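Engineer: sequence and predicted structure below; questions after.
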Amino acid sequence: MLIRAEIPVDAPGIDALLRRAFQRDAEADLVQRLREDGLLTLGIVATDPEGGVIGYAAFSPVWIEGEDCQWVGLAPLAVEDEFRHQGIARQLVYEALDMLNEFGYRGVVVQGDPAYYAALGFVPAAHGHLHCQQFAAAAPLHIFTLAEDAMADANGRVEYAEPFNQLLN
């Protein structure tokens, strides 16, 4: 298995993975729209020995109280069913966090299962006085800081890029 930043040739495999993993089109359409709108900060893939996409994580900009504070949101995250529970998602997230840190990003937000994301080092966003009302029924918001002073200007409402609003409809 190889974990790396996505390249254009990966797009069909990413699209197919997301449609299978979520059993709907919304997440695949979201990633395509983020790409088209220039809002895909980082896409990272796990590939099998033949180059097939077996895991994927997308990161896109988020705004805090309407300001670009150099934070990104993680969504979606998917792994092929037959490869789940092997630590691939964890490896995708950790590799991406390293890359984002090198790129100078200050923090990451994600909505999801508290136990899962706590095991990856994320903490509840309420610890940083952050909240997201964009997805009323969504799972709790969690944060991972990449810079020591990441919370200095990160306080208040988190907003994901506009294509995420399509995901809700």
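Structural biologist: Everything's here; your move. Numbers count the residues shown, from 1 in each chain.

Engineer: how far does the helix or strand bottoming out on mean pLDDT in the chain sit from the chain's center?
Structural biologist: Ranked by mean pLDDT, DSSP states H and E, the weakest helix or strand in the chain is helix 163-168, scoring a mean of 80. Put simply, helix 163-168 sits 14 Å off its chain's centre (C-alpha atoms, centre = their mean, to the nearest Å).

Engineer: quick one: buried residues of that helix?
Structural biologist: Within helix 163-168, the residues that count as buried by 16 or more other C-beta atoms under 10 Å are 163-164, 167. Quick note: C-beta positions are derived from backbone N, CA and C, even for glycine.

Engineer: same question, stretch 67-85
Structural biologist: Neighbour-count burial for stretch 67-85 [16+ other C-beta under 10 Å]: 69-80.

Engineer: Arg35: which of those residues is nearest?
Structural biologist: Closest approach between these and Arg35, by C-beta to C-beta: Pro76, at 13.1 Å.

Engineer: in what helix or strand does the closest one lie?
Structural biologist: Per DSSP states H and E: Pro76 is located in strand 67-79.

Engineer: neighbouring strands of that strand in the sheet, and parallel or not?
Structural biologist: Here strand 67-79 has these sheet partners by DSSP bridges: strand 53-64 (antiparallel), strand 107-111 (parallel).

Engineer: how about the next helix or strand after the shortest one: buried residues?
Structural biologist: It refers to strand 107-111. Downstream of strand 107-111, the first helix or strand assigned by DSSP H and E is helix 114-119. Neighbour-count burial for helix 114-119 flags Tyr117 (criterion: 16+ other C-beta under 10 Å).

Engineer: how far off centre is helix 114-119?
Structural biologist: 14 Å.

Engineer: and Leu167, what does it touch?
Structural biologist: Contacts for Leu167 (C-beta atoms under 8 Å, 6 or more residues apart in numbering) come out as 26-27, 30.

Engineer: gap between the spatially most central residue of the chain and Leu141?
Structural biologist: Centroid-nearest residue in the chain: Leu74, 1.6 Å away (criterion: C-alpha atoms, centre = their mean). As defined by C-beta to C-beta, to the nearest Å, Leu74 lies at a distance of 11 Å from Leu141.
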